[in-house]
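A.B. asks: 3D model of this:
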Amino acid sequence: MTTTPHTMKAAVLHAIRDVRIEERPIPPVRPGHVRVRIRTVGVCGSDVHYFTHGRIGPFVVESPIILGHESMGVIEDIGEGVKHLQPGDRVTLEPGYPCRTCECCKSGRYNLCPEMTFMATPPVNGAFVEHLEWPADFVFRVPDSVSDDAAALIEPLAVGVWSVQRGGVKPGDAIVVYGAGPIGCTTLQAAKTAGATTLIAVDLEEYRLDLIRELGATHTINARHEDVLARIREITRRNLPESHSGADVVFETAGNLRTCQQSMLAARPGGVVVLVGLPPNPQVELDLVAAASREVDIRGIFRYANCYPAALRLVEEGRVNLDRMVTHRYPLDQAGEALSFADEFKHVSMKVMVDV
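C.D. replies: Model (predicted):
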């Protein structure tokens, strides 16, 4: 496809498994915004879900939409009033911006803003494009030592950082991560930086367990072949009776019915369960008596708030490895193939990138 000086290529989802490369106008730059020449974008599980199902809960693809929200690029133009960025800066884009004036925003929980605008969530277009315009206060300069891939993957790391904050992970804690996918990997690494010393990962795929072990897991459990709860209790028993063994904090990142149920039992009495993944059916049967009688705190997370600066510092200081998570890449012209691969080959891949 040949574009004019005023147009760009975009990968547009028209229907389930129907991605087309189209010519779209290059967006102008509004005051307080910047325009970024996108370099690379990570394929997220939510992108794959829109690609394969056309919806996530109440968010339904009713008209053509551009997917992709884990992005980085180079600033090519700035709008009036932008002081902290300039053309040529390598940047990562936080994909959601709020109203900035509601109670949630003013209290620092802007991720709960009722007027949130979030990339690649219907009807908002995302980053599978050559040029993207975005509010400057949600665009962050990337240190020279941080690669393009890692800069794009600051987004899933922000999820991990927020999950660990919500879970209240402390030095010396034992944590369990259900699901050794990209969010499981970033959450486990974030927990390690917070001081957790026993880091247990649970998954069905040996490939992903091997990789998360490289990233810091001290123990891995293959749920196909092992009794997960028995292994967690064995690992965390310490000097306690078996009834009081379990993890201090359990992160459910798989979005699976069975792991949601099991996570309540994997936490020790007085422990915390953080629900990170979203199961396809929101009605999940849980043993609330077991959770309540053991005073297990159940906490949800929704995206993140004020996590990008911390996430960037963790990567810059070498305390989190995002580059190792990248396993496959496709050009923008093959964005549909990238989504298909990410859907069908989880057993041999971790993070698929689209190079723009």
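A.B. asks: does Ala310 count as helix, strand or coil?
C.D. replies: Secondary structure, DSSP: H, G, I helix; E, B strand; the rest coil: Ala310 is helix.
A.B. asks: you'd agree it is up against Val164?
C.D. replies: No: at 10.3 Å, Ala310 does not count as touching Val164 under the criterion of Cβ atoms under 8 Å. The C-beta positions use only the backbone N, C-alpha and C, and glycine is treated the same way.
A.B. asks: These two - which one has more neighbours?
C.D. replies: Taking other Cβ atoms under 10 Å, Ala310 and Val164 do not tie; Val164 has more neighbours (28 against 17).
A.B. asks: Let me see the contact set for that one.
C.D. replies: Taking Cβ atoms under 8 Å, 6 or more residues apart in numbering, we find Val164 in contact with 187, 190-191, 194.
A.B. asks: Could you check how far the residue lying closest to Thr193 once chain neighbours are set aside is from Ser147?
C.D. replies: Counting by Cβ to Cβ, 6 or more residues apart in numbering, Arg319 is the residue found nearest to Thr193 once chain neighbours are left out, at 5.0 Å. For Arg319, the distance to Ser147 (Cβ to Cβ, to the nearest Å) stands at 15 Å.
A.B. asks: The most centrally placed residue in the chain and Val273: what is the separation?
C.D. replies: Centroid check for the chain by Cα atoms, centre = their mean gives Pro156 as the closest residue, at 2.8 Å. Applying Cβ to Cβ, the value for Pro156 to Val273 is 20 Å.
A.B. asks: Strands of the stretch 201-350 of the chain, start to end?
C.D. replies: Along the stretch 201-350 of the chain, the segments classed as strands by DSSP state E, counting those that start in this stretch run 219-222, 247-252, 267-275, 297-300, 326-331.
A.B. asks: can you give me the helices for the stretch 51-200 of the chain?
C.D. replies: 103-106, 148-152, 154-167, 182-193 (DSSP state H, counting those that start in this stretch).
A.B. asks: Show me the contact partners of the second one.
C.D. replies: Translated: helix 148-152. Everything outside helix 148-152 that qualifies as a contact, by Cβ under 8 Å, 6+ apart, is 39-42, 70-72, 90-92, 142, 315, 322-323, 326, 353.
A.B. asks: quick one: least confident helix or strand in this structure?
C.D. replies: strand 55-56 (a mean of 88; mean pLDDT, DSSP states H and E).
A.B. asks: Which elements pack onto that one?
C.D. replies: Contact partners of strand 55-56 among helices and strands, from 3 or more Cβ pairs under 8 Å, 6 or more residues apart in numbering; DSSP states H and E: helix 45-53.
A.B. asks: tell me the angle the helix it packs on makes with helix 182-193.
C.D. replies: Interaxial angle of helix 45-53 relative to helix 182-193 (axes from the mean of the first three to the mean of the last three Cα atoms, to 10 degrees): 170 degrees.
A.B. asks: The residue nearest to Glu206 when sequence neighbours are not counted and Val43, how far apart?
C.D. replies: Closest residue to Glu206 apart from its sequence neighbours, by Cβ to Cβ, 6+ apart: Asn222 at 6.1 Å. The gap separating Asn222 from Val43 is 25 Å, by Cβ to Cβ.
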